Every structure is written in C-alpha cells, then in structure tokens.
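Engineer: everything below, folded, please.
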Amino acid sequence: QVQLVESGGGLVQAGGSLRLSCAASGRTSSNSVMGWFRQTPGKERDFVAAITWSGGVTEYTESLKGRFTIDRDNAKNTVTLQMHSLKPEDTAVYYCAAKTYGLGLTRSASAFDVWGQGTQVTVSS
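Structural biologist: The predicted model follows:
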C-alpha cells in the first residue's frame, strides 16, 4: 500500500512562490501516475497537474500552465509542485494523489486511489 505525505504549504503574498512536496512510501509502481488536486470549501476537488512516474509525461489544467510545474524525483520517491505568481484564487487545500493501477494520465479524481492528507496554501492579496 502506498502512503503519501504532503509538505510545503503555507501563507504567501500574491505574486509569490511556493513549492509543495509529496513523499511516497510503500509499493510504488513504475506505471503509477501522480497528481495534484486542490479544493476550496464547498467545492469539488479540482485537477491541477499530473505526471507519470516512469516517463515524466505531464498534464496540466490549462489555466495553470506556465505558473505551476509538476516534477518527480524517482530516486527520492517524491513529487513536487512548483507554484509561481500565486494569486488569491489559488488559495485551497492541495492534495497529492496516486493512481496505482491502469495506464495513462487522467484528470479524474475518481481514478486516483491513494490520497495524502492535504496541505493548506493561502495567498493573501
């Protein structure tokens, strides 16, 4: 069973940057897909970005391309989300997730079967 632990959230001023990390432990497969989602109170969990463990193929929500970058370090079993030019509307709880079965990238939260506990990101104006 894979376990995920996020870190790196916090309070930042608009225009600033944050780097979130997700440490994966347990049995990770080279076919796994790792993703970041975010959620605000009363709303559904939204897709942010995803990456394949093996080839490093990435996918992003269009509106976040250019500001957010997902990457992985296979040796350290970590996935990161680098966020630049943050805006107040980026404020949310950010979740790391793993899709440990099947092949291919997906944006669907229901396809990811392992989730971290979430880390709060707050962007002040």
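
Engineer: tell me which stretches of the protein form strands.
Structural biologist: Under the criterion DSSP state E, the chain contains strands at 3-7, 10-13, 18-25, 33-39, 46-52, 58-60, 68-73, 78-83, 92-99, 114-115, 119-124.

Engineer: which residues sit against the fourth one?
Structural biologist: In this case it means strand 33-39. 20, 22, 24, 45-53, 70, 72, 79, 81, 90, 92-99, 104-106, 109, 112, 118, 121 (Cβ atoms under 8 Å, 6 or more residues apart in numbering). All C-beta atoms are positioned from the backbone trio N, CA, C, and that covers glycine.

Engineer: any weak-confidence spans in this protein?
Structural biologist: 28 (pLDDT under 70).

Engineer: what do you get if the cut-off is 90, keeping everything else the same?
Structural biologist: For the chain, applying pLDDT under 90 flags the ranges 1-2, 25-32, 53-56, 74-75, 100-105.

Engineer: measure the spatially most central residue of the chain to Ser125 for me?
Structural biologist: Note on the chain: the residue nearest the mean C-alpha position is Trp36, at 2.0 Å, using Cα atoms, centre = their mean. Using Cβ to Cβ, to the nearest Å, one obtains 23 Å as the distance from Trp36 to Ser125.
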